[in-house]
Structures are given as structure tokens and as C-alpha cells.
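Trainee: sequence? don't have it. structure:
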């Protein structure tokens, strides 16, 4: 086990633990929404579990998994242990201590503010300080990632960055730009306010800073999944990357377009001019382009795999893919779910149409297809592939690992479709109970809410299978020489040498410039308003 | 960059689709004046009840339409029942007296955030008379799911 392996495994286990706890919270919500009169069913427990589920899944599981995967990519594609191991471990402990502080605040009922923590809902300071430490820890990871590339670059001045490392560098750059917003919100507004140093906070400024972070956050999640789709899954399936330069282009476009789009989460906010919302809308649609590229290239790479396995005819290659392999099945199913989720995303971004779905159950239906499937299912599949290779133990409970992605798919179809429909019918998201005093209008949401609860139970079973396979592998997996970690080769090797896609400083500069245009003026003019602060409230 | 033919076709198709999406938004936004509520007006959230703009909540009807003044608070809308005329523009003016709330008229595109310190405003026309459910769609505390109201759209003369 190399030193980087140990580092990656430590991060992976935090991710798996967070995922397991978050999944248990989801089961609690599902049973609660099914109106089963369980003894612990109460609004307090429901909203607490929504907060814990969202925070642990969206912020902790994803961040730690991406840190783990990033270290693996850095070590295995750049050919050496990552530099500055001390710094990397400092990042791990900082992020872990922060996570524990925030989780303690949530589980003790002092931070039921949901993972979006909009002020003037006010949580215990440990929640905000913990969140800040999680981000600081991830920044140390980002520094180590950039330094690994710099060290490699010095020794390989003329080579193109390996594709997987290219994708992870894009992830790191987006993360640095994005987290500036939430760090400003938490450090300058929320921590002093929760400690009583300041009395009031401007909730709209907080929302702008949060969503400055909140949308690129989704690319921080999805880009590592794309790295798996481009460079790992085709290899495991026996294929090659159909068009490597276009994959590089896609990642570069994500760097520049991820952040200046946040107002499409705030279409219905007062205090933001419609013209700037429209500007962000146009850029939001532009960012569909690299995802369209990805859909094509990854599908074509799988076709290459199917044909190399002897497929003939137009669609036979689909049947020939190794659907029984947990990684390949996870990626293929997550792509199918993401196709639906992506179209839903274009609807959400529809400037005029958004009012029909904003803050309805449609939204949770949508993001469970994107982050909850494209990202989470891909990460679970990746863990089946990664854990044996890092720990030198064979995957245990292989049958559960084979079934798990399909169970997730089934559960997600039930959950997401029912939520999309009830959302269109107007049911708000994140509610303990949808009876609204016996309203006849609300009564129509009942049956599909039960369907979504059944979906939730399937999803929990799938999550439990995943955690069991992970624990089984770590505790009882047969020791053996690990299989190598290999990356998909390009179908047609591109001409050797660096290209414009290796100019990360340039892409980052363009990104910062676009952010300055999209956010500079709106934030400046916001600060010119006669603003009144809001005191804090803790109605939980 | 050497791009395979099929991928070139796909790229143009994707770009065309995106251009069509953007065109749809721009045409309805600029041509049809379909805009999300984006009113800019601030208010002291700790003095909403003494503010002349919100001292008188409720509906003011004129021959041109109606203006509805609503305050959201944990966990109710004031007023809780709103009567407006059908087929005439209704302007809603809303704010929050405590935390962030949502104001959603179920089954319509009447939907806005109530952010403390800000006044939200939107104008819409209801063509179907009847009773509508109003819900808070932004988590605002343990009574969030209880925060609701009624909108009654009335035919002229009724």
C-alpha cells in the first residue's frame, strides 16, 4: 500500500460512513412521508433528518469521495506519490473535524437549517465553523492536487496532461473559484452573527453568495463522475475514449462556464434585476453544450467497447456490454437517469417556466437524478472498482454489488418520477406533511407521495447493499495482489504534446473574468441599496 | 482539432438545440414580457408592522384590477384568505416579518420568495374562478408544512 493509497482510503471511508448515515436519514424521511405513525415521527425529527441527509450527502460524502478519487488520479496518472503528504493529511483532519462539529450540531437539534442554511434561520456556531473547516480542508486538497501537477509538469514539459488528471484539475479550479462565495458568506456573515459579534445579516446577500457557490458545486460533483465515465468505465468495459480532444474541450468549457450562472437558482428572489437573471440564463444554457459532448463521447466509447466484444449491427453493442459488472452497470444506469435529469435541468433554467416548478417537489425529483444518480451511483460503482485496487482485498458479497445499481435505478425511477409529477401539481418540497388541513387540492398529492416513499425504501436497501459490500470487502475480502488501476486509451491517439487545453492558467483567467462580469456589477449594485439587516431565528 | 464526422453533426445539433432554448426564453421574456418576479425595494424587517406600506394588509380592488398586500411570518400568511377578481391584473406586494418564506399559489405560476428586508412584487391575471391553495414553499421552521392560505378568484359581480 503506497502512502497515497493510505491517504485515499482514509478519505474513502469517511465518504462511505457519511453516505451510510445519510441513507439512514433518508429512510426516516421516506417512512415519515408515507405517514406511518412511527413513535419517533415528528416535525422536529423530519426536518433534522432532511438537514442531516442533505449535508452529509451533498457536502460530506461527495467532497471526501472526490478528494479520495483525486488523490488516486494524481498518483496513478502522474506516476508518483502525491507531494506534500503532510499538507494532504492536514486537509483530511481539518475537513474531518469540521464535519464532526457540523454533524454534532445537526444531530443535537441545534442546526435544523437544511443544507442550504439560508439566514435568518440561525444554527449553532459549530455548524458554520464546521462547514468552514470542511471547505478549508478541501482547499488543502486542492493545493496538493495543483502541486502534484506542477511537479509532474516540471519533469514532463512537453506532454499533454493525462485525461483523467485534466478532468480533476478542472474540478479543482472550479472548486477554488466556487468556494470563494460560500466562504465569504460563512466567514464574514454567518460565523460572526451566530457568535453574537454582529446582530444582523442581509439574507439576500447571503443567498447571492450561496448560489454563487451552489451551482458550480454541482460541477464539482459531476466532473469527477465524468472522469470515471470517460477514463475508467470504457476501459473496464473493454473500450477506448472515442474522441479525447473533445473530452478535453468539455472539461475546459466547464471551467469557464460553471460559476457565472447562479441566478438561475434565484429567479423568484426579490432584489435581483431581471436583466441579470436573463444573462445568467443564457450562460446556463451554454453549459449544456459540454454535457452534450460528454453524452456523445462516452456513449461512443461504450459502443467501441461493445464492438470490441464482438457486436455487429446497429444496436447489438448495447447488449454486449458487461451489464453484470457493478462499475459498468452503475455508469450506464446513471447516464440513463442523468439524461432525464439533464432535460429537467433545462426546464428549471427556463427563465419563465421556472415559476411553475420553483421549490416544488419537482426540484428534489430533479436533483436526485443528477447528484443522487449521475454522481452518487457513479461514485458507488467507482468504489467497487477502487476499494479492491487500493486495499488489496477482493470484492466481497459480489452478488449484492451486481444487484445494487439496478435496485438504485428502480428506486430512483419511483422516487424521481413521482416527485416530478407532484411538483408539477404544486406540492412544495421539504414538507413534513402534505395534508394542509384537509385541502382537496393537497389531497391529490397523497398517492404519488406514497409511491415516492416506496422508491425511498428501495433506495435505502440499495444503499445498505453498497455499505455491506464495502464493509465486507474491508473486513473479510480475500487478500491478493491488487489488479492495476488502468485508464482508457484514446481510440485515435492525438498528436503528442501540450495543447491549449493544458493552459490551466488561461482557462482559470477566462473563468474569473466571466465571473467578474456576471457577478461584479450585480453584487456592487446590491451593496448600494439601502439594506436592513435581519436578526436570527431558530424555530426548531 | 480533428473531429469525427458523426460527432461534428452531433455538436451542431446540440448547439442548434441550445440556441433554440435560448431563443425561446428571449422571445417570451422580451417579446411576451414574461419575467420572473424581480422587484427591487427594501424594508426594515424588524418594523414591518409599523411600515406604512404593510400596515394595511389585504386586498384593494379598483376597476382596473386589484392590489394584494401580504405579510408572511412563522407560520402563516396575513391575510390568510384573499379574494381577487378574475380576468383583471392582480398585483401582489409581499414581505416577510421574520425568516425567508415562499408564496406559491398552487396550480398557477404565481410563485415568489419572501426574503426578509425586501419587498417582493408580481402581477398576474387569474382566468379560472375558484378556490386556490397558497403554500409556503421555503423551509421556515418546524411549522413550515402548516403555513398556508386561500386565494378565492371571483367572477365580476359575484
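Mentor: All right, it came through fine. Since the model is a prediction, treat every value here as computed from it, not as a measurement.
Trainee: what about the spatially closest residue to residue A:185 that is not a sequence neighbour, neighbour count?
Mentor: Distances taken as CB to CB, 6 or more residues apart in numbering or on different chains place residue A:209 nearest to residue A:185, at 3.8 Å, with adjacent residues excluded. (Glycine included, C-beta is placed from N, CA and C.) Counted with other CB atoms under 10 Å in any protein chain shown, residues neighbouring residue A:209 total 24.
Trainee: distance of residue A:209 from chain B?
Mentor: 14 Å (CB to the nearest CB, to the nearest Å).
Trainee: part of a helix, is that residue?
Mentor: Yes. The assignment for residue A:209 (DSSP: H, G, I helix; E, B strand; the rest coil) places it in a helix.
Trainee: Might you report the residue contacts of it?
Mentor: A:181, A:182, A:184, A:185, A:189 (CB atoms under 8 Å, 6 or more residues apart in numbering or on different chains).
Trainee: Compare those residues and tell me which is most surrounded.
Mentor: residue A:185 (26 neighbours).
Trainee: so is that residue in a helix, a strand, or just coil?
Mentor: Once three-state DSSP is applied, residue A:185 turns out helix.
Trainee: ok, now which ones touch it?
Mentor: Contacts of residue A:185 by CB under 8 Å, 6+ apart are A:205, A:206, A:209, A:210, A:213.
Trainee: Surely the first one is in contact with residue A:189?
Mentor: Read it as residue A:205. Yes. With contacts counted by CB atoms under 8 Å, residue A:205 reaches residue A:189, the gap being 7.2 Å.
Trainee: any idea how far residue A:455 is from residue A:225?
Mentor: Residue A:455 sits at a distance of 21 Å from residue A:225 (criterion: CB to CB, to the nearest Å).
Trainee: Which of those two has more residues huddled nearby?
Mentor: residue A:225 (31 against 23).
Trainee: What does the pLDDT read for the residue nearest to residue A:185?
Mentor: pLDDT, residue A:209: 97.
Trainee: neighbours of residue A:63, just the number please.
Mentor: 25.
Trainee: how close does it sit to chain B?
Mentor: With CB to the nearest CB as the criterion, residue A:63 and chain B are 23 Å apart.
Trainee: What of residue A:394?
Mentor: Distance from residue A:394 to chain B, by CB to the nearest CB: 39 Å.
Trainee: and that residue, how many neighbours?
Mentor: 16.
Trainee: Over to it: give its phi and psi.
Mentor: When read as degrees, to the nearest 10, the backbone of residue A:394 gives phi -70, psi 150.
Trainee: which residue ranges form the strands in chain B?
Mentor: Assigned by DSSP state E, chain B shows strands spanning B:58-61, B:66-73, B:76-78, B:81-85, B:89-96, B:101-105, B:111-114, B:120-125, B:130-135, B:148-154.
Trainee: Make a markdown table out of those and add distance to chain A, mean neighbour count and mean pLDDT.
Mentor: As requested, these are exported to a markdown table (distance: least, CB to the nearest CB, whole Å; neighbours: other CB atoms under 10 Å in any protein chain shown; pLDDT from 0 to 100):
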| stretch | distance to chain A | mean neighbour count | mean pLDDT |
| --- | --- | --- | --- |
| strand B:58-61 | 20 | 14 | 94 |
| strand B:66-73 | 10 | 21 | 97 |
| strand B:76-78 | 12 | 19 | 97 |
| strand B:81-85 | 13 | 20 | 96 |
| strand B:89-96 | 8 | 22 | 97 |
| strand B:101-105 | 5 | 26 | 97 |
| strand B:111-114 | 4 | 27 | 97 |
| strand B:120-125 | 4 | 18 | 95 |
| strand B:130-135 | 4 | 19 | 97 |
| strand B:148-154 | 5 | 18 | 96 |
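Trainee: Can you say which of those is nearest to residue A:495?
Mentor: strand B:111-114 (51.6 Å; CB to CB).
Trainee: need the contact list for the residue positioned nearest the centre of chain A.
Mentor: Residue closest to the mean C-alpha point of chain A, counted by CA atoms, centre = their mean, is residue A:221 at 3.0 Å. Residue A:221 is in contact with A:58, A:62, A:66, A:371, A:375, counting by CB under 8 Å, 6+ apart.
Trainee: Report pLDDT for the residue nearest to residue B:146 when sequence neighbours are not counted.
Mentor: Spatial nearest neighbour of residue B:146, chain neighbours left out: residue B:75 (5.0 Å); criterion: CB to CB, 6+ apart. At residue B:75, the model reports a pLDDT of 95.
Trainee: tell me the secondary structure for residue A:100?
Mentor: Criterion first, three-state DSSP; result for residue A:100: helix.
Trainee: and residue 156, how many residues sit next to it?
Mentor: Using chain A. 14.
Trainee: if you could check chain B rather than the one you did, that'd help
Mentor: 9.
Trainee: Can you give me every residue that contacts the closest residue to chain A within chain B?
Mentor: Of all residues in chain B, residue B:141 sits closest to chain A, at 2.8 Å by CB to the nearest CB. Counting by CB under 8 Å, 6+ apart, residue B:141 touches A:121, A:537, A:539, A:540, B:74, B:75, B:99.
Trainee: can you pick the most crowded of these?
Mentor: Result: residue B:99 is most packed of those (other CB under 10 Å), 29 neighbours.
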